[in-house]
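**Q** With the input below, show me the fold.
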Amino acid sequence: MKNLTKHILITAIFFLFGSLSSANAADETIEMLNKQGKESMVYSKKVVRIKSGDTVNWIATTKGHNVEFIKGGVPEGVEKFKSKFNKDAQYKFTIPGIYAYWCTPHKSMGMIGFVIVDDNKTNLDEIKKIRFSGKSKKIASELINTF
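**A** Residues are numbered from 1 along each chain as shown. Below is the predicted model of the structure:
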């Protein structure tokens, strides 16, 4: 009986600490959409602010979209990331900084977004050097000015 009580206590402590550590992590969900309000070809959120260890989930709500980190638009040490078309994607952010991404076929139509991790903006100058085209050029400029 004593061992059973000890086992139950250890199990309870394990679950308590497991719950506390996962409570600190926050996931963000972003939908990939053909239309939102008056805009077309958009992510449901253009800028999200998260903490290291958080995960962003991109949901393929409408078909024809993906997520691709923009070359030169992520903090140093971040690997290339490009999701498949028409598929949900997720990424756990572990390196602080600004991450710029776009939908590969709709980037010039303004389908871009940014993730800011730990409110760290040390790579802002690199973000400003990205050569956005079409509608993304104006949207990126407006969004970057809000950082």
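**Q** Over to residue 141. Which of the three states is it?
**A** helix (DSSP: H, G, I helix; E, B strand; the rest coil).
**Q** Now do the strands in this structure.
**A** Remark: strands assigned in the chain by DSSP state E are 28-36, 39-43, 47-50, 55-59, 68-69, 89-92, 97-102, 112-117.
**Q** For the ones you listed, give me a markdown table that also has mean pLDDT.
**A** Output for these, formatted as a markdown table (pLDDT from 0 to 100):
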| stretch | mean pLDDT |
| --- | --- |
| strand 28-36 | 98 |
| strand 39-43 | 97 |
| strand 47-50 | 98 |
| strand 55-59 | 98 |
| strand 68-69 | 98 |
| strand 89-92 | 98 |
| strand 97-102 | 98 |
| strand 112-117 | 98 |
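**Q** nearest to residue 136, of the ones you listed?
**A** Evaluated with CB to CB, the strands of the chain place strand 112-117 nearest to residue 136, the distance being 5.0 Å. Every C-beta, even on glycine, is put in place using the N, C-alpha and C of the backbone.
**Q** what's the angle between that closest one and strand 97-102?
**A** Here strand 112-117 runs at an angle of 160 degrees relative to strand 97-102 (axes from the mean of the first three to the mean of the last three CA atoms, to 10 degrees).
**Q** Restricting to C-alpha, output strand 112-117 in CSV.
**A** The C-alpha trace of strand 112-117 is given here as CSV (Å, rounded to 0.1, in the frame of the first residue of the first chain):
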residue,chain,number,x,y,z
ILE,A,112,2.8,37.3,-46.9
GLY,A,113,3.2,37.2,-43.2
PHE,A,114,5.6,37.7,-40.3
VAL,A,115,6.2,35.9,-37.0
ILE,A,116,8.1,37.8,-34.3
VAL,A,117,9.6,35.6,-31.7
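**Q** any low-confidence regions in this structure?
**A** 1-25 (pLDDT under 70).
**Q** check contacts around the closest residue to residue 111 other than its chain neighbours.
**A** Nearest residue to residue 111, sequence neighbours excluded (CB to CB, 6 or more residues apart in numbering): residue 103, at 3.9 Å. Residues in contact with residue 103 (CB atoms under 8 Å, 6 or more residues apart in numbering) are 32, 41, 43, 65-68, 111-112.
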